[in-house]
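Trainee: attaching a predicted model along with its sequence, questions to come.
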Amino acid sequence: QVQLVESGGGLVKTGGSLRLACVASGRTVSSYDMGWFRQSPGKEREFVAAISWSSSRTYYADSVKGRFTISRDNAKNTVYLQMNSLKSEDTAVYYCAARFDAPPDRVGLASTYDYWGQGTQVTVSL
C-alpha cells in the first residue's frame, strides 16, 4: 500500500504562486508515475499534470501549461507542483495520485491511478 499526503495548499491572490508537495509512504514510489488532479465543486475531477517514474517525461493539461511545473525527488519520495500565475479558475481541491506500470498515453486518466491522497484546497481570490 502507498499512502499519499498533500500539503502546501492555501489562499492566494490572482497572479500569485503556490507550491504543493505530496509525500508518499508505505513503499518507495520511485517506480510509479505520479500525477496531480483537481476538482472544484460541481465539476468532474480533472487532470493537471503528471511525471513519469524516471522524470524523463512530464505531461500537462492545456489549461496549466506554461504556468505549472511538476517535479519529483525520489530520494524524498516526494512530488511537487509549482503553480505560478494563478487564476481564479485554478481554485479547487488538488489531489496527488500514483500509478504503477500503466500506459503512458493514458496518463491523464484518473482511472489508471492506483493510489490517491486526501487532497489540499487551493483558493485563488480576485
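Mentor: Looks like it came in fine. Keep in mind that what you see is a predicted model, and the values were worked out from it rather than measured. Residues are numbered from 1 along each chain as shown.
Trainee: and the end-to-end length of stretch 14-33?
Mentor: For stretch 14-33, the first-to-last residue distance is 30 Å (CA to CA, to the nearest Å).
Trainee: sketch out the low-pLDDT regions of this structure for me.
Mentor: The chain contains no residues with pLDDT under 70.
Trainee: against Asp114, how distant is the residue nearest in space to the middle of the chain?
Mentor: Centroid-nearest residue in the chain: Trp36, 1.9 Å away (criterion: CA atoms, centre = their mean). Between Trp36 and Asp114 the computed distance is 15 Å (CB to CB, to the nearest Å). Every residue, glycine included, has its C-beta placed from N, CA and C.
Trainee: and if you look at Leu126?
Mentor: In terms of CB to CB, Leu126 sits 37 Å off from Asp114.
Trainee: Leu81 too?
Mentor: Distance of Leu81 to Asp114, given as CB to CB: 19 Å.
Trainee: what about the two, which has more around it?
Mentor: Leu81 (27 against 14; other CB atoms under 10 Å).
Trainee: the more buried one in helix, strand or coil?
Mentor: Three-state call for Leu81 (DSSP: H, G, I helix; E, B strand; the rest coil): strand.
Trainee: show the contacting residues for it.
Mentor: 19-20, 22, 36, 48-49, 68-70, 94 (CB atoms under 8 Å, 6 or more residues apart in numbering).
Trainee: can we see that at 6 Å?
Mentor: Leu81 makes contact with 20, 36, 70 under the criterion CB atoms under 6 Å, 6 or more residues apart in numbering.
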